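Colleague: test case, fold it:
(2 chains)
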Amino acid sequence: MPLHPLSLILGLGLLGCLSTAFNPVHAQDVAVVGATIHTATGDVIPGGTLLVQDGRITAVGAQVEVPQGVEVVDATGMTMIPGMLDNHSHIGFAIGDVNERSTTFTPRYRIMDVLSPDDDYWFEAVNGGVTTIVTGPGSGSVSSGQSAVVKTWGPDWNARILDPTGGLKIAMGAKRPHTGTSMATTSMLREKFTQAREYMASWERWESGDGEGAPPARDLDLDVLAEILRGENRVRAHVHSAHDILSLLRLKDEFGFQLALHHSTEAYKVADEILARGVDVVGLPLFIRIGLREEVMRSPAYLVERGINFAFHTDDPVVMSKHQRYNGAMAMRYGMEGEAALRAMTINAARIAQVDDRVGTLEAGKDADFVIINGPWYELTSRVERVYVDGRLAYHRAVAEEENP
Amino acid sequence: MSRLRTAGFAAGLACIFMSAPAPQAAAQNVAIQGGTVLPISGPAIESGTVLIQGGAITAVGRNVTVPAGTPVVDATGKWVLPGLVDAMSYYGLSGADLNETASPSTPHLRALEAYYPFGAFGDGEPASPPRARDLLMGGVTTHYIAPADATVIGGQGAVLKAAGSTFDDLVMLEPAGMDITLGDRPAATMREAQRSPGTRMAVIGHLRQELVSAREYRERWEAWENRPEADRGPTPSRDLGMEALVRMLRGEMPARIQANRITEIRAALDLAREFGFRLILDSAISATEVADELAAAGVPVVLGPISHPWISGEEIPDRSEYPSPDERRAARLHAAGVEIAIASFSRSFGTLGPEGSGKWLLLDAGLAAGYGLEEAAVLRAITLTPAEILGVEHRVGSLEPGKDGDVVILDGPPLSVLTWVERVFVEGVEVFVRDE
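Modeller: The predicted structure follows:
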């Protein structure tokens, strides 16, 4: 079992009773010494030190002076990587809430409204070293709603939420309700974005006018599309086939929105077209029970070599978020360079989720989210020993296995 | 010109002769030298030799005399293992052929009759000699196939080699088990058709009724056989499904029961005691809760993948059936003395993964090592133990004199994610070489 965040609050609460005044929870100060640190910025520091103060990284390097009184954790012989991200997951809510199948196009829905702070799968994810997740509705309709970017652990639920409306999910392809073909799905999206433009124009007319007459009727779905057209939000698209990827790129050309492709099975077939538009690719989990064809297994390495910003996702429950690390491992097996594979689970993913100012690398100023592993990070035989979120110890294998032998 | 033509003609003749199976026997002698040999049945041998003659292993060790003229394979710096054994897969069965859902029980069906290991029908892959390439690239040389889990009694399974010179060569044991599924998966199939059994309890009730019917069928036939010939009268009518279940009750094949919830594992154990058949549990997600009981009863468990414990046909697991994924279950069962195999339960997933995931059996097993199962036990769980569970341990599962010359050469330590299967031999014939 992971450490329950409430235990921190309760423990400190008791201390508060003993002292004269209640002390608010403070993120830990800690220094981890001796590990081989993969910072995900390109640096690998053997026997390095990571210094954390008040939940933020204040120094990383071979020579770091540790202030007196800071707890020192000896991680000699271990590997340290940044807390991993999972760009596409469905945890934190009842699986029955994943798809509202009676409707086809509902950008107004927000997964944030049904997220539960103590879903077991948050704990599973953090135990596996995944500290930030983009979780969202499914692909059962053309647009199923907005995702959220959330940390997997922490005593304060509100502080865990990095972005409550982190990207609009759309799903390409046939057989969404009321769209029997891919053509119909693409056409519906074009129609909706066209409507959104008209909707924006009618609001602009009303706002720039003398305020006479009633304002245009509010439409919560078109509000979201308007945000996307203004560049304040973005599209995350479920897409597999090359022709659907091309359709999305055409829509992007027409309407100018920020776009990340998700699943992206055939992205390798249209890599030039994707690269030309600077579109991000979130690729299939390689550690999957579907025996993907070898060319698909090799495609992430190819996309990274081409210079595309690429990140892995688990699509939990298809692959569990806690197994994200093994996607990087399989990418290495199929030709991706090690540090690139690590970036595909950390900083690249943070950029796509637009939280790279907070997480994704081990650099001074970033949140102290990191993972200590008892061997090479990519080996299946290596285990996660400790996970820290905001400088707090969120998982400690020795303690967990003592509690549950 | 004429000399060239003659040479061409001679080469043509050679080709005709080469296409007959006989010349392959010549290739069935090989000595694999210099690698780290992991025989499974004994400790590792550094710079060891595996000698195969006439398709069978004749010597394994550090100082093996290789007869002159034997082709030698240099495995210096490599790892040499027996061919892996996948104790449960649906490889070679197309999606449409996995489940016969018109009836809750079809014990007369035989998975072998839908087996098609030649790639997608019509895709131009040569059917002869048969090579299950997607298994071989993962080092799997023996696998069990069965009908899948959408009904209660699916039918009979088979143990097959992943390569041979003819299709007949592939079949090691058939029928090799009666495939049975408890729990909500078969219930859901029948519920959808508005038929019984549509609940967990009805599934078990239905199975018990089938077993009672089989017992009565057996008694009817035995009574007929025991009567003096003059008084016998006409034979009782034959029922091929009942005949197959009687073979299971007689111990001629085991029951392979897929059961995940603790209630269903207990029901399987109860039925095995009540009807006296040999039980092998498949998947058995909750087996750790009755580990001591399983160890005492000698009931082995064929675990699904460590990484993806759900094994039903759904892409997304039904969390009521697979509640608590636990990567440590292999280590826990082993520690309790339960015989375990780690299997792929691989199946075709349309165009994304038509050949299933058997090619990653070794990788998935590596994860069990990360979660506490020692390396020797991990390797045994994908070689000798499944061979024993399947009843083919006299032929495969370890590198020992007398066994089939089924050998895998790895380019690195067996449990590293970066290690690849380089070459595979089945009965001394090289059947797979990795193209880099």
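Colleague: could you say which helix or strand contains the residue lying closest to A:Ala75 once chain neighbours are set aside?
Modeller: Excluding the flanking residues, the one nearest A:Ala75 by CB to CB, 6 or more residues apart in numbering or on different chains is A:Ala35, at 3.8 Å. All C-beta atoms are positioned from the backbone trio N, CA, C, and that covers glycine. A:Ala35 is part of strand A:30-38 when elements are defined by DSSP states H and E.
Colleague: which elements pack onto that strand?
Modeller: Using 3 or more CB pairs under 8 Å, 6 or more residues apart in numbering or on different chains; DSSP states H and E, the elements in contact with strand A:30-38 are strand A:44-53, strand A:71-74, strand A:79-82, strand A:370-373.
Colleague: closest residue of the stretch 1-150 of chain B to chain A?
Modeller: Closest residue of the stretch 1-150 of chain B to chain A, CB to the nearest CB: B:Asp134 (6.7 Å).
Colleague: what's near enough to touch that residue?
Modeller: By CB atoms under 8 Å, 6 or more residues apart in numbering or on different chains, B:Asp134 lies in contact with A:Gly291, B:Tyr91, B:Glu355, B:Gly356, B:Gly358, B:Lys359.
Colleague: of these, which is the most crowded?
Modeller: Neighbour counts for the contacts of B:Asp134, by other CB atoms under 10 Å in any protein chain shown, peak at B:Gly358, which reaches 30 neighbours.
Colleague: for it, phi and psi?
Modeller: phi -60, psi -20 (degrees, to the nearest 10).
Colleague: may I have the residues that are in contact with it?
Modeller: So B:Gly358 contacts A:Gly291, B:Asp86, B:Ser89, B:Tyr91, B:Asp134, B:Leu135, B:Gly138, B:Val140, B:His143, B:Ser344, B:Ser346 (CB under 8 Å, 6+ apart).
Colleague: could you check how far it is from B:Ala176?
Modeller: 17 Å (CB to CB, to the nearest Å).
Colleague: next: A:Thr104.
Modeller: Taking CB to CB, one finds A:Thr104 at 49 Å from B:Ala176.
Colleague: these two - which one has more neighbours?
Modeller: Between A:Thr104 and B:Ala176, counting by other CB under 10 Å, B:Ala176 is the more crowded of the two (24 against 17).
Colleague: helix or strand for the spatially most central residue of chain A, just tell me which one.
Modeller: In chain A, the residue lying closest to the centroid (CA atoms, centre = their mean) is A:Asn87, at 3.3 Å. Assessed by DSSP H and E, A:Asn87 sits inside strand A:84-89.
Colleague: could you identify the helix or strand that succeeds that strand?
Modeller: helix A:120-127.
Colleague: what are the contacting residues of that following helix?
Modeller: Under CB under 8 Å, 6+ apart, the answer for helix A:120-127 is A:1-2, A:86, A:89, A:91-92, A:133, A:152-153, A:316, A:320-322, A:384, A:387, A:389, A:394-395, A:400, B:325.
Colleague: what's the angle from it to strand A:84-89?
Modeller: Here the directions of helix A:120-127 and strand A:84-89 differ by 150 degrees (axes from the mean of the first three to the mean of the last three CA atoms, to 10 degrees).
Colleague: C-terminal to helix A:120-127, what's the next element?
Modeller: Where DSSP H and E defines the elements, the next helix or strand beyond helix A:120-127 is strand A:130-135.
Colleague: show me which positions of that next one end up buried.
Modeller: For strand A:130-135, burial by neighbour count (16 or more other CB atoms under 10 Å in any protein chain shown) applies to A:Val130, A:Thr131, A:Thr132, A:Ile133, A:Val134, A:Thr135.
Colleague: scan the chain for its longest helix.
Modeller: Let's take chain A. Longest helix in chain A, counting residues (DSSP state H): helix A:182-208.
Colleague: looking at chain B here, not the other one
Modeller: Max-length helix for chain B by DSSP H is helix B:200-226.
Colleague: mean confidence score for it?
Modeller: On average, the pLDDT along helix B:200-226 is 97.
Colleague: got the contact list for the next helix or strand after it?
Modeller: Counting by DSSP H and E, the next helix or strand C-terminal to helix B:200-226 is helix B:240-249. Helix B:240-249 is contacted from outside by B:105-108, B:153, B:155-156, B:175, B:178, B:210-211, B:213-215, B:217-218, B:221, B:253-255, B:275-277, using CB under 8 Å, 6+ apart.
Colleague: I am finished for the moment; much appreciated.
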